[in-house]
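Peer 1: Please find the sequence and the predicted model below.
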Amino acid sequence: QVQLVESGGGLVQAGGSLRLSCAASRRTFSSYAMGWFRQAPGKEREFVARISWSGGRTYYADFVKGRFTISRDNGKKTVYLQMNSLKPEDTAVYYCAEGPVYSSGSAYTTDYDYWGQGTQVTVSS
């Protein structure tokens with residue numbers, strides 16, 4: 001069973017920054033695409049960003065382009081989400097997820113097999 005543990009969430013004012021981390025237990029972490037998703041109260045879980053297994057390709061939802069950056073450190077088996085210029089509408093629980101092996105991942109939750117417990121991000125206006 002793969003474990004993913006997110007950290008770094010919290011309360012921040014609009015315009016501020018947070019850096020989320022997701023530590024994975026899988027020994028072969030470097031072979032898997034990783035993604036970040038978020039879910040606000042009363043809404044469906046939505047795609048935020050993804051990164052290929054090698055780290056060479058990244059993809060973002062339109063609403064975070066230019067503000068968020070996904071990266072990974074395969075030596076530490078950790079994926080990050082740097083969030084800048086945060087807006088109140090970014091308030092949600094953020095989840096990391098493990099995608100398919102040797103791929104660039106996808107924007108669909110059904111393509112991810114393992115999920116973290118989530119970390120709350122709250123942006124005040």
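Peer 2: Arrived safely, thanks for sending. Residues are numbered from 1 along each chain as shown.

Peer 1: ok, which stretches of this structure are strands?
Peer 2: All strands of the chain, identified by DSSP state E, fall at 4-7, 10-13, 18-24, 32-39, 46-51, 58-60, 68-73, 78-83, 92-101, 114-115, 119-124.

Peer 1: mind checking which of these is nearest Y108?
Peer 2: Taking C-beta to C-beta, strand 46-51 is the member of the strands of the chain nearest to Y108, at 7.5 Å. Using the backbone N, CA and C atoms, a C-beta is placed for each residue, glycine as well.

Peer 1: What angle do strand 68-73 and the closest one make with each other?
Peer 2: 40 degrees (axes from the mean of the first three to the mean of the last three C-alpha atoms, to 10 degrees).

Peer 1: for strand 46-51, packing partners?
Peer 2: If you count contacts as 3 or more C-beta pairs under 8 Å, 6 or more residues apart in numbering; DSSP states H and E, strand 46-51 packs onto strand 32-39, strand 58-60, strand 68-73, strand 78-83.

Peer 1: pLDDT averaged over the third one - what is it?
Peer 2: Averaging pLDDT along strand 68-73 yields 98.

Peer 1: just to revisit the earlier point, TSV for the strands of the chain, including distance to Y108?
Peer 2: Formatted as TSV, the entries for the strands of the chain read as follows, by distance: least, C-beta to C-beta, whole Å:
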stretch	distance to Y108
strand 4-7	18
strand 10-13	28
strand 18-24	19
strand 32-39	9
strand 46-51	7
strand 58-60	12
strand 68-73	17
strand 78-83	18
strand 92-101	10
strand 114-115	13
strand 119-124	21
